[in-house]
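[1] 3D, please:
(one chain, ligands or ions: 3)
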Amino acid sequence: MTNRPDLTLGRRVMAMIEDLARHTDEYGSLTRLYLSPAHRAAADTTLEFMREAGLKAHIDALGSVVGRLDGANPEAPALLIGSHIDTVVDAGRYDGNLGVVLGIVVAEALKAEGLTPSCPIEIVAFGDEENVRFPTNLSTSYALAGRYDPAWLDGRDANGISLRDALLEFGGDPLGIAALARDPARYRGYLEVHIEQGPQLEARNLPVGIVSAINGITRARAYVIGEAGHAGTVPMNMRRDALAAVAEMIGIVERASSTRHDTVATVGVAQVQPGAINVIPARVDFTLDARSPDDAVRHAMVQDIVTECEAAAQRRGVSLTLEPFMESPATPMDKDLMAQLEEAVKSLRIEPMRLVSGAGHDAVAIANLCPAAMLFVRCKGGISHNPAESITLEDADTAARVLFQAVKRIVA
Ligand code: HGY
Ligand code: MN
Ligand code: MN
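    Ligands and ions are numbered 1, 2, ... in the order given. So this is what the prediction gives:
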């Protein structure tokens, strides 16, 4: 395959993406949370895709779909390619799914070109990258890196269902998790292709880019407790209004992040109790998601946010409880694999741009198993975690051809 202007690969990618997008837990939108019925259906479809591509495929103890092409020397260290098929709530269809489909399409293209890779190629569709349902963090990819925390099995979703019970319901096997850990000596590297979920490639009019590092993340749950009261009778200076306090705290979060370089922080969830138009809010539960490519900067920003929010709570006579529950380190990508991606990009006469990933990815976990690198694909308006998320057929085709060239360089 040299330049295939006929967009064959792109069409195959888009068709598989559409097939997967049918699997949702919410009619009318795309929501596919870890171990849900839609995740099971999407895993079964991915299994079919992998087998049709000639891969030996199975669904592992944690629900990840794993396909393997043995290659000329099945004992040689394998190349791992993957991403995730779980989604956020009311999601776009490319986040995660694109990287899994591209791996499978490249495996098909190798076969179509009669190319046998020198080593095994393993393609994985992870299931818990978004960490939306359970208080976990990249649990299915950390399992491959031998870093699954058994305590994650006791985590519960909003309906009180434990990850363990959901896993059993899905057809998974809590007792089979330890055996998922891969031997680092048997893996030469990991490639993940993912939509950029940001505006930089589009601004530079580039279809793809090479990721240099992935942001570190701190996530916390918080709640503020004030006092319910009659909205009509309690004077403003005598209130302990939990929502007014959180409004001030959200301003603190915004200032702490926008006054630093390359940092972001978000309050994505806020639940007000009792939630009546004529009652002064008694309690607000909210979340914090704070990120930076530099761990020391991130920790300093979170500390400032906590200190200033505690002072605001004191002034307002409300209580603040803030519990960090997830830490993900800033993760530099592997220089050699980045160079391979760069050569592949240049072989298609595309300018190789490097950029930091603001979003977290399974590559953060897999970087604990073997060298990892990522290729970003332009998405319209940088929009993601939104049903308006979109890529063009041409960019899907370009991403497939770049990945094909990179894989050929690595496993030739
Ligand atoms: O939140 C993230 O960065 C990723 O999309 N899960
Ligand atoms: Mn993703
Ligand atoms: Mn995502």
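
[2] how about the contacts made by Arg133?
    Shown in contact with Arg133 (C-beta atoms under 8 Å, 6 or more residues apart in numbering): Leu33, Tyr34, Leu35, Ser36, Asp157, Ala158, Ala166. C-beta: built from backbone N, CA, C; applies to glycine.

[3] how about 10 Å then?
    By C-beta atoms under 10 Å, 6 or more residues apart in numbering, the contact set of Arg133 is 33-36, 39, 86, 89, 155-159, 161, 163, 166.

[4] out of these, which end up buried?
    Neighbour-count burial (16 or more other C-beta atoms under 10 Å) applied to the contacts of Arg133 gives Leu33, Tyr34, Leu35, Ser36, His39, Asp86, Gly155, Asp157, Leu163, Ala166.

[5] what about the closest residue to ligand 1 within the stretch 51-200 of the chain, how many residues nearby?
    For the stretch 51-200 of the chain, the residue closest to ligand 1 is Glu130, as judged by C-beta to the nearest ligand atom, at 4.7 Å. A total of 20 residues lie near Glu130 under the criterion other C-beta atoms under 10 Å.

[6] state the distance from it to Phe49.
    Distance from Glu130 to Phe49, counting by C-beta to C-beta, to the nearest Å: 21 Å.

[7] centre of the chain to the longest helix belonging to the chain, how far?
    Using DSSP state H to define each element, the chain has its longest helix at helix 295-316. Centroid separation between helix 295-316 and its chain, computed with C-alpha atoms, centre = their mean, to the nearest Å, is 26 Å.

[8] show me what counts as buried in the helix or strand following it.
    Next along the chain after helix 295-316, taking DSSP states H and E as the criterion, comes strand 319-328. Going by neighbour count (16+ other C-beta under 10 Å), the buried part of strand 319-328 is Ser319, Leu320, Leu322, Met326, Ser328.

[9] same check on stretch 399-412?
    Ala399, Ala400, Arg401, Val402, Leu403, Phe404, Gln405, Ala406, Val407, Lys408, Ile410, Val411.

[10] residues from this protein in reach of ligand 2?
    Contact residues, the chain versus ligand 2 (C-beta under 5 Å from the ion): Asp95, Gly96.

[11] so what's the residue count around the closest residue to ligand 2 within the stretch 151-300 of the chain?
    Nearest residue of the stretch 151-300 of the chain to ligand 2, counting by C-beta to the ion: His194, 5.8 Å away. Neighbours of His194 under the rule other C-beta under 10 Å: 28.

[12] sec struct for it, please.
    strand (DSSP: H, G, I helix; E, B strand; the rest coil).

[13] mind listing the helices for the stretch 201-350 of the chain?
    Using DSSP state H, counting those that start in this stretch, the helices of the stretch 201-350 of the chain run over residues 242-258, 295-316, 335-347.

[14] looking at those helices, which is nearest to Met14?
    Met14 sits nearest to helix 335-347 of all the helices of the stretch 201-350 of the chain, at 21.0 Å, using C-beta to C-beta.

[15] show me where pLDDT drops low in the chain?
    Counting by pLDDT under 70, the chain has low-confidence residues at 1-5.

[16] domain-wise, how is it divided?
    8-214+330-411, 216-328 (automatic domain parsing).

[17] Three-state assignment for the residue of the stretch 51-200 of the chain closest to ligand 1, please.
    Glu130 - assigned by three-state DSSP - is coil.

[18] can you tell me which residues in the protein are near ligand 1?
    Contacts of the chain with ligand 1, taken as C-beta under 6 Å from any ligand atom, map to Glu129, Glu130, Ala359, Gly360.

[19] just checking, the second one touches Gly92?
    No - counting by C-beta atoms under 10 Å, Glu130 stays clear of Gly92, with 11.8 Å between them.

[20] where do the contact lists of these two overlap?
    With C-beta under 10 Å, 6+ apart, Glu130 and Gly92 have common neighbours His385.

[21] need the max-distance pair from the buried ones among the contacts of Arg133.
    Largest pairwise distance in the buried ones among the contacts of Arg133, by C-beta to C-beta, is 16.0 Å, between His39 and Gly155.

[22] which stretches of the stretch 1-150 of the chain form strands?
    56-59, 65-69, 78-84, 121-126 (DSSP state E, counting those that start in this stretch).

[23] which among these is found nearest to Met236?
    Taking the strands of the stretch 1-150 of the chain one by one with C-beta to C-beta, strand 78-84 is closest: 47.5 Å.

[24] against which helices or strands is the closest one packed?
    Judged by 3 or more C-beta pairs under 10 Å, 6 or more residues apart in numbering; DSSP states H and E, strand 78-84 is in contact with strand 65-69, helix 97-112, strand 121-126, helix 139-144, strand 187-195, helix 362-366, helix 393-411.

[25] want to throw those into a markdown table with distance to Gln303?
    As requested, those are arranged in a markdown table below (distance: least, C-beta to C-beta, whole Å):
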| stretch | distance to Gln303 |
| --- | --- |
| strand 65-69 | 40 |
| helix 97-112 | 34 |
| strand 121-126 | 32 |
| helix 139-144 | 26 |
| strand 187-195 | 30 |
| helix 362-366 | 22 |
| helix 393-411 | 39 |
